Structures are given as C-alpha cells and as structure tokens.
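# next come a sequence and a model predicted from it.
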Amino acid sequence: MSLDRFKPGKITVYIYVVIICLIIGFAILSYVSNLNKAYEYKDEAISKCISECKIAIGKGEMLASGPCLSEAIAPGWVCDMVSVPRNNIVDNQSENQCQSYKKRINKHFVEVSKNCEFVRTN
C-alpha cells in the first residue's frame, strides 16, 4: 500500500470534499424538512378556510369578487375565494388575491368556492 494517498496536500483536499458534501447534505435535509412542516398544516388550513368562508357568508360580507378570506389561515397558508369555474378577470385581480401569498410570506394557499366548497390547494 502506497503512502502517497496520505500526503498533507491530498489530505486537505479530502477534508474539503467531505465538508462540502456534509454542507450540501444538511442543506437538502433542511429544505425537505421545511416542505414537510408546511404540509403538516394542509388539512387544518382546508378546514379553517371553509369555516372562515361560512363565517363571512353568515356576516353578509360581499364575496362576489372572490376576496382573500385570510392572510394566515394556518402557518404558511392563506385562504382565498375563487369563482368556479375560474374567472381569470375577477380572480386574478390583485385586490382579490392574498397579498402575503403574492409577497411570498406565506407559500401555500387554499381556494374555496363562493359556496364554501373546497376547490384546490398549492
């Protein structure tokens, strides 16, 4: 067995390679962990969004324009009302969308219909 592998210069390169691999590995784990945490609240966000819609209808609020119902229905989630079928003219207007989602403060949304029926999530 040759001792050339263990020269001081080569050991330094091996150490750097191992450290870089560890950093990349931890970054990937952190990213995946954050994705899972946001989706932990998916069911909670859906049920709260439907409830928020029913409360708004009960109060007689004007919901024809499909407004944002909550900027923070659950951690990382907003609640938005949309037309079914989707009406891009109304639903894509900035004043009808959740600003915290547009500004990427919250990264996920729940959409409900004007009858408080679940439409979709992202």
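Cool, the structure landed. Residues are numbered from 1 along each chain as shown.

# buried set for stretch 59-76?
Within stretch 59-76, the residues that count as buried by 16 or more other CB atoms under 10 Å are 63, 66, 67, 68, 69, 70, 71, 73, 74, 76. All C-beta atoms are positioned from the backbone trio N, CA, C, and that covers glycine.

# export those residues as TSV, with columns for distance to residue 108.
Shown next, in TSV, are the buried residues of stretch 59-76 (distance: CB to CB, whole Å):
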residue	distance to residue 108
63	22
66	18
67	18
68	14
69	14
70	12
71	12
73	10
74	9
76	5
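
# what is the nearest of the residues you listed to residue 112?
Set against residue 112, the nearest of the buried residues of stretch 59-76 by CB to CB is residue 69 (7.5 Å).

# could you look up the SS state of the spatially closest residue to that closest one that is not a sequence neighbour?
Nearest residue to residue 69, sequence neighbours excluded (CB to CB, 6 or more residues apart in numbering): residue 79, at 4.3 Å. Counting by DSSP: H, G, I helix; E, B strand; the rest coil, the backbone at residue 79 sits in strand.

# surely residue 79 touches residue 73?
Yes: under the contact definition of CB atoms under 8 Å, residue 79 touches residue 73, with a separation of 4.1 Å.

# who touches both of these two?
Common neighbours of residue 79 and residue 73, using CB atoms under 8 Å, 6 or more residues apart in numbering, are 45, 48, 49, 52, 110.

# okay if I get the residues you listed as CSV plus neighbour count and pLDDT?
Below are those laid out as CSV (neighbours: other CB atoms under 10 Å; pLDDT from 0 to 100):
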residue, neighbour count, pLDDT
45, 26, 96
48, 18, 97
49, 27, 97
52, 18, 95
110, 29, 96
